[in-house]
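>>> need coordinates for the below:
(one chain, ligands or ions: 1)
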Amino acid sequence: MSSPTELTAWQKLTAHKQEMAPINMVSLFAADPQRAEKYTAQAAGWTLDYAKNRANDKTLALLTDLAKEAGLESAIKGMFSGAHINNTEDRSVLHIALRASQAQDSLIVDGVNVLAEVRATLKQMEKFVAQLHSGEWKGYTGKRITDVISIGIGGSYLGPKVVAEALTPYEKDGIKVHFVANIDGSDITGKLKLVNPETTVFVISSKTFGTLETLSNANAARDWFVSNGGSQSDVSKHFAAVSSNVKKAVDFGMAKENIFPMWDWVGGRYSLWSAIGLPVAIAVGMDNFYALLDGAHQMDEHFRTAPFEENLPVIMGALGVWYINFHNAQTHALIPYDHYLRAMPAHIQQLDMESNGKANLLNGDGVETDTGPIIWGGAGTNGQHAYHQLLHQGTRLVPVDFIAPLASHNPIGEHHTQLFANCLSQSQALMVGKTLEQAEQELRDAGATAEQVAKIAPHKVIKGNRPSNTLLTDKMTPATVGALIALYEHRTFVQGTIWGINSFDQWGVELGKVLGTDIYNRLVSDSDNSALDASTQALIKAFKKAQA
Ligand SMILES: O=P(O)(O)OC[C@H]1O[C@H](O)[C@H](O)[C@@H](O)[C@@H]1O
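Presented below is the predicted three-dimensional model:
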């Protein structure tokens, strides 16, 4: 595809931006009493309120046109039918298949019924999880398993960790799940201190079984295991793997039946729905894991079938494009008002930034527009006492997604009502702001002198007109958490399709890996570094001096 800037709708949106410039959101609400109702859409247990955006009916119609002109309808069909939409790796993109296997019999891709493979793997997971929880699975001294340490990084870590945390209220008793990712030895050292080799199982999650961090941590875990009572022949009782590289996992010492398959049509950052989600299934049980898959499937079906005007991923994706490309927004914040979802921004950060951090169109030409924004965020209300100042009065436009459940899993005192009030007040404050007159009046009411009013009031002005979406659900359950993450996956795809980029490869990650190996070799040898830049040479020297 050629640049989206050549699309008619893009050009109309450029002109429309000028039309909209003098209009603020408050006046849009005043002009249309139906606005809140009209700009609300629902799917898979979630309600999206997108009324607090710099958009009117014309904006939304043009954004829908843009998505259509960019080929989103056929891109969605391509994804759901298993077309090789990941064109640089010549692969299908089928995370949707991982959550369709309970609802649909077959999906034939490249001659194979991928849903049959998915179902077989789910059965294998069921067995493993049941054996662990029933105590049938025993450690090398005959004791039942009390702890599982999941070792993986990137998509083989973030998704499972974030979902396991999000589903804390659903944790089953008896087995505690821990996560290790970083090559920093402090990570695994800290976790190993918490567990006993006799009662611990390690799940090594790596699609490639070739990722440096994961292999180093897996080796460290095995060394710890055999130097704390276990023997080499016991390794198979205490180690399982999730990987598409069975040979490497067997070479490590895993029993074949404890290796859970993955497929090249699942991208790392979309893999939590596969056996990469095994730690989640262990933590909350297979019943809840199936509910998670089902929630995501509900969102898939909505995305696949709902008209664009009512389609949550399309609305959110297109509005994102509106801010990134027509208002120069550089970042996008996710603020969950739910303690258990506090790490969600980190998962969506990988999902979105690794997917849409691209500068080439599908045909290889350079893009002419900005693509993926910087995704960031954190739990409300904590952020209100940290970075929200910039959201309200900073010079940058930061569109925000507020995410909140209507009911809490821990309804003590007035906590949840206060939490929810804060969530609503933030989106309201971002939109409404405070005028100079209001600030002056406020100061006068508080007894300030005329001089104080003149001095302080300008600092209290908040321009407002800052956009946000609010996503509400009754309660955070396995199904609603699944649907929420699927919503962001599809939103990412919508934006990538509008920009004409491939959201499913990640070539940019490779250079750092290659150079990392090169520098490592230099740190452990007396190599001639004179050809390197002076800064890197000096830093290598500093490290070597410290080791001497
Ligand atoms: O699962 P693995 O093969 O170990 O990969 C782990 C991670 O490594 C990479 O560097 C990729 O950028 C991620 O997308 C991937 O999830």
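
>>> interface residues of this protein facing the ligand?
153-156, 206-208, 211, 214, 268-269, 354, 506, 509 (Cβ under 6 Å from any ligand atom). To be clear about C-beta, it is placed using only N, CA and C from the backbone, and glycine gets the same treatment.

>>> secondary structure class of V201, three-state.
Using DSSP: H, G, I helix; E, B strand; the rest coil, the structure places V201 in strand.

>>> got it, and S106?
Following three-state DSSP, S106 is assigned to coil.

>>> enumerate every residue touching it.
By Cβ atoms under 8 Å, 6 or more residues apart in numbering, the contact set of S106 is 113, 115-116.

>>> same deal with K248?
209-210.

>>> do I have it right that P467 meets N24?
No - look at P467 against N24 with Cβ atoms under 8 Å: they stay out of range, at 10.8 Å.

>>> what is the neighbour count of G378?
Using other Cβ atoms under 10 Å, the number of residues around G378 comes to 17.

>>> for T146, which non-adjacent residue is spatially closest?
T199 (4.3 Å; Cβ to Cβ, 6 or more residues apart in numbering).

>>> what sits against that neighbour?
Here T199 is in contact with 139, 143-147 (criterion: Cβ under 8 Å, 6+ apart).

>>> secondary structure class for L471?
strand.

>>> domains for the chain, by residue range?
The record's domain parsing of the chain by the TED database lists 4-31+39-70+306-416+467-502, 102-287, 510-547.

>>> kindly reformat those as CSV containing mean pLDDT and distance to K77.
Shown next, in CSV, are the domains of the chain (pLDDT from 0 to 100; distance: least, Cβ to Cβ, whole Å):
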stretch, mean pLDDT, distance to K77
domain 4-31+39-70+306-416+467-502, 98, 12
domain 102-287, 96, 13
domain 510-547, 92, 31
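
>>> show me what counts as buried in whichever strand or helix holds A454.
Assigned by DSSP states H and E, A454 falls within helix 450-460. By 16 or more other Cβ atoms under 10 Å, the buried positions in helix 450-460 come out as 453, 457, 460.

>>> and which of those residues is nearest A43?
K460 (39.7 Å; Cβ to Cβ).

>>> what sits against that closest one?
434, 439, 442-443.

>>> rerun at 6 Å
Residues near K460 by Cβ atoms under 6 Å, 6 or more residues apart in numbering: A439.

>>> what's the spacing between it and the ligand?
Distance of K460 to the ligand, computed by Cβ to the nearest ligand atom, to the nearest Å: 45 Å.

>>> CSV for the residues of the chain next to the ligand, including secondary structure, neighbour count and distance to T492?
Listed next are the residues of the chain next to the ligand as CSV, based on DSSP: H, G, I helix; E, B strand; the rest coil; neighbours: other Cβ atoms under 10 Å; distance: Cβ to Cβ, whole Å:
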residue, secondary structure, neighbour count, distance to T492
I153, coil, 20, 20
G154, helix, 21, 16
G155, helix, 24, 13
S156, helix, 30, 18
S206, coil, 27, 23
K207, coil, 24, 19
T208, coil, 15, 22
T211, coil, 20, 22
T214, helix, 26, 24
G268, helix, 26, 14
R269, helix, 26, 9
E354, helix, 22, 9
Q506, coil, 21, 13
V509, helix, 12, 16
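
>>> mind putting those in JSON lines, distance to T477 included?
Formatted as JSON lines, these follow (distance: Cβ to Cβ, whole Å):
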{"residue": "I153", "distance to T477": "28"}
{"residue": "G154", "distance to T477": "27"}
{"residue": "G155", "distance to T477": "23"}
{"residue": "S156", "distance to T477": "25"}
{"residue": "S206", "distance to T477": "30"}
{"residue": "K207", "distance to T477": "28"}
{"residue": "T208", "distance to T477": "33"}
{"residue": "T211", "distance to T477": "32"}
{"residue": "T214", "distance to T477": "31"}
{"residue": "G268", "distance to T477": "26"}
{"residue": "R269", "distance to T477": "23"}
{"residue": "E354", "distance to T477": "27"}
{"residue": "Q506", "distance to T477": "31"}
{"residue": "V509", "distance to T477": "33"}
